[in-house]
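> what's the 3D shape of this:
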Amino acid sequence: MAKKNEKTNVMRLLDSRKIAYAAHAYEPDATRTGEEIAALLGEDPQRVFKTLVTQGKSGQHYVFVIPVQAELDLKKAARVAGEKAIGMIPQKELLPLTGYVHGGCSPLGMKKPFPTFFHETAETLPRMFVSAGRVGFQIEAAPLDLVRASGGAFADLV
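Numbering: from 1, shown residues only. Sure thing, here's the model as predicted:
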């Protein structure tokens, strides 16, 4: 079982910026779906978000944060990013590019910052969940704080 008092780099980043968050730990299993993680946390899946990393036709990478039950609309994502087209990166490129493994990718604390967009429904929530940067850990924080910390923006993505 993941230890709740264990700190991830995402938690350290939030601490350094004095951003309030709650850490949630669960038994790590990279094969779990976002819906299963929401159930483990006892949370509404509309409050639990997944982080997707994409690449535009230009070669630029983009990060999209959407509810776990939703599917990224690639046309909307391309429009928001100002690209002609966007596609998901291959899973094998995730770790070298971001420093995160599949199932533990956070919109915060990547190896280098990428343009980041949060689905607009997050803006209506008092608090939302995202990965804390390691399988078995989630953080719960105010959406506006997460958007500011990531340098991101809200947009219609699904």
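
> Point to the residue nearest the middle of the chain.
Thr51 (3.1 Å; C-alpha atoms, centre = their mean).

> who's in contact with that residue?
Counting by C-beta atoms under 8 Å, 6 or more residues apart in numbering, Thr51 touches Val63, Phe64, Val65, Cys105, Ser106, Pro107, Val130, Ser131. (Glycine included, C-beta is placed from N, CA and C.)

> Now go through the residues you listed and say which are in strands.
Val63, Phe64, Val65, Val130, Ser131 (DSSP state E).

> Taking these, tell me the two that lie furthest apart.
Phe64 and Ser131 (13.5 Å; C-beta to C-beta).

> Neighbour count for the two, which is higher?
More neighbours surround Phe64 than the other of Phe64 and Ser131, with 29 against 26 (other C-beta atoms under 10 Å).

> Give me the pLDDT for the more buried one.
In this model, Phe64 is scored at 98, pLDDT.

> likewise Asp156?
pLDDT at Asp156 comes out at 97.

> Restrict stretch 99-113 to CA atoms and write it as PDB.
Output of stretch 99-113 as PDB, limited to C-alpha atoms (Å, rounded to 0.1, in the frame of the first residue of the first chain):
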ATOM      1  CA  GLY A  99       9.600  11.800 -16.300                       C
ATOM      2  CA  TYR A 100       6.300  10.100 -15.500                       C
ATOM      3  CA  VAL A 101       5.100   6.500 -16.200                       C
ATOM      4  CA  HIS A 102       1.700   5.600 -17.600                       C
ATOM      5  CA  GLY A 103      -0.900   5.800 -14.700                       C
ATOM      6  CA  GLY A 104       1.200   8.300 -12.800                       C
ATOM      7  CA  CYS A 105       1.400  11.200 -15.100                       C
ATOM      8  CA  SER A 106       0.700  14.600 -13.500                       C
ATOM      9  CA  PRO A 107       0.200  17.900 -15.200                       C
ATOM     10  CA  LEU A 108       2.700  19.400 -12.700                       C
ATOM     11  CA  GLY A 109       6.400  18.800 -12.400                       C
ATOM     12  CA  MET A 110       7.200  17.400 -15.800                       C
ATOM     13  CA  LYS A 111      10.800  17.400 -17.000                       C
ATOM     14  CA  LYS A 112      10.000  20.500 -18.900                       C
ATOM     15  CA  PRO A 113       6.900  22.600 -19.100                       C
END
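
> Cool, thanks, talk later.
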